[in-house]
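Peer 1: next comes the sequence, and after it the predicted model I'd like to discuss.
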Amino acid sequence: MEKDRKNIIVTGAAGGLGQAFALNFAKKGAAVAAVDLVDCSKTADLVKAAGGECISIKADITKASSVSAMCAEADEKLGGIDGLVNNAAIYASLKMAPFDMIEEKDWDLVLEVNVKGVWLCSKEALPYFKKRGGGSIVNISSASILEGNPYFAHYVASKGAVWALTRSIARNVGEYGIRANSVTPGYTMTDASKGLAGDPESFKKNYDDNIAARAIKRAMEPNDIVGTVWFLLNDESAFITGQNINIDGGSIHY
Ligand SMILES: NC(=O)c1ccc[n+]([C@@H]2O[C@H](COP(=O)([O-])OP(=O)(O)OC[C@H]3O[C@@H](n4cnc5c(N)ncnc54)[C@H](O)[C@@H]3O)[C@@H](O)[C@H]2O)c1
């Protein structure tokens, strides 16, 4: 049954894609819990200024106690949880290097945040979805898993794990009316992405190469992802679970 509104947790919502999700979902009538390791009250303020409903919660998705408290707060303040967007990740701050030059500490960190964090948030949100009689999880993977970026093996491995984990979660939770899907966005113009390639020349080459590889020849913006994630959160996609949707302007057809 379609509810009047959706209550949605968005992790990694201090800026970038997470902030775009929070702002746009609220404009569509959702109440949002914007969650991040760093203060994300700016996101809540932006949503409220646009007439939407949003609370901000500081939480570390790698710590069970922190995630548990975050879900309890979101449930209490929003009045239930219908959706979870696992968007928080270590991304552009990672050093790019061939796989044999990656430092162990970077490998461990990216797997801990990008994979364990998704697992923990999904696990801790589950009782609240069950209480509600259903729910939808959308995991933000990356099109880099389809490309196999040669200088980002730790990140690619973590996002491949997110894709695979989504399928397992979907089979675990289907009987409760809960769904889990992932999306694989291509290179998207967030502040984090703008710092990814280092110097301006490398940035321009990366930017141009990405556009040249696409069927739709333009830069990809956060709003290009919002609609697909919103669709997966809502009842229009009620029979879709364990799937991945690639959003990259037709760069990779898989
Ligand atoms: N921007 C792109 O080109 C692109 C492409 C494909 C996938 N993605 C994915 O989209 C998501 C958002 O990307 P973005 O460009 O907005 O990056 P971003 O770095 O702006 O967003 C990631 C957020 O996660 C938060 N975070 C990190 N560790 C955390 C922790 N332990 N607990 C809670 N929050 C934590 C960060 O503070 C940050 O606000 C990420 O999952 C990224 O891997 C991005």
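Peer 2: Good, I have the coordinates.

Peer 1: wait, residue 8 touches residue 82, no?
Peer 2: Yes: at 6.4 Å, residue 8 counts as touching residue 82 under the criterion of CB atoms under 8 Å. Every residue, glycine included, has its C-beta placed from N, CA and C.

Peer 1: give me the common contacts of the two.
Peer 2: Here residue 8 and residue 82 have residue 233 as joint contacts, going by CB atoms under 8 Å, 6 or more residues apart in numbering.

Peer 1: and the biggest strand by length in the chain, what does it pack against?
Peer 2: For the chain, the strand with the greatest residue count under DSSP state E is strand 178-185. The helices and strands touching strand 178-185, judged by 3 or more CB pairs under 8 Å, 6 or more residues apart in numbering; DSSP states H and E, are helix 117-132, strand 135-140, helix 153-173, helix 223-233, strand 244-247.

Peer 1: of all the ones you listed, which one comes closest to the ligand?
Peer 2: Minimum separation from the ligand across the helices and strands packed on strand 178-185 (CB to the nearest ligand atom) falls at strand 135-140, 4.3 Å.

Peer 1: is the ligand within reach of the helix or strand just after that closest one?
Peer 2: The first helix or strand that comes after strand 135-140 along the chain, using DSSP states H and E, is helix 144-147. No: Helix 144-147 does not reach the ligand (CB under 6 Å from any ligand atom); its nearest approach is 6.7 Å.

Peer 1: tell me the phi and psi of the residue nearest to residue 38 when sequence neighbours are not counted?
Peer 2: Nearest residue to residue 38, sequence neighbours excluded (CB to CB, 6 or more residues apart in numbering): residue 14, at 5.0 Å. Main-chain torsions, residue 14, degrees, to the nearest 10: phi -70, psi -20.

Peer 1: so residue 14 sits against residue 42, correct?
Peer 2: Yes: here residue 14 reaches residue 42: they are 7.2 Å apart, a contact under CB under 8 Å.

Peer 1: when the two are compared, which one has more neighbours?
Peer 2: residue 14 (21 against 15; other CB atoms under 10 Å).

Peer 1: check contacts around the more buried one.
Peer 2: 34, 36-40, 42-43.

Peer 1: out of the residues you listed, who's nearest the ligand?
Peer 2: residue 37 (3.6 Å).

Peer 1: avg pLDDT for the host helix or strand of residue 72?
Peer 2: Per DSSP H and E: residue 72 is located in helix 64-78. Averaged over helix 64-78, pLDDT sits at 98.

Peer 1: does the next helix or strand after that helix come close to the ligand?
Peer 2: Downstream of helix 64-78, the next assigned helix or strand under DSSP H and E is strand 83-86. No: Strand 83-86 does not reach the ligand (CB under 6 Å from any ligand atom); its nearest approach is 7.8 Å.

Peer 1: quick revisit: tell me what angle the helix holding residue 72 forms with helix 117-132.
Peer 2: On the basis of axes from the mean of the first three to the mean of the last three CA atoms, to 10 degrees, helix 64-78 is oriented at 40 degrees to helix 117-132.

Peer 1: now residue 135: closest residue in space that isn't a chain neighbour?
Peer 2: Distances taken as CB to CB, 6+ apart place residue 129 nearest to residue 135, at 3.1 Å, with adjacent residues excluded.

Peer 1: hang on, I meant residue 203
Peer 2: residue 197 (4.3 Å).
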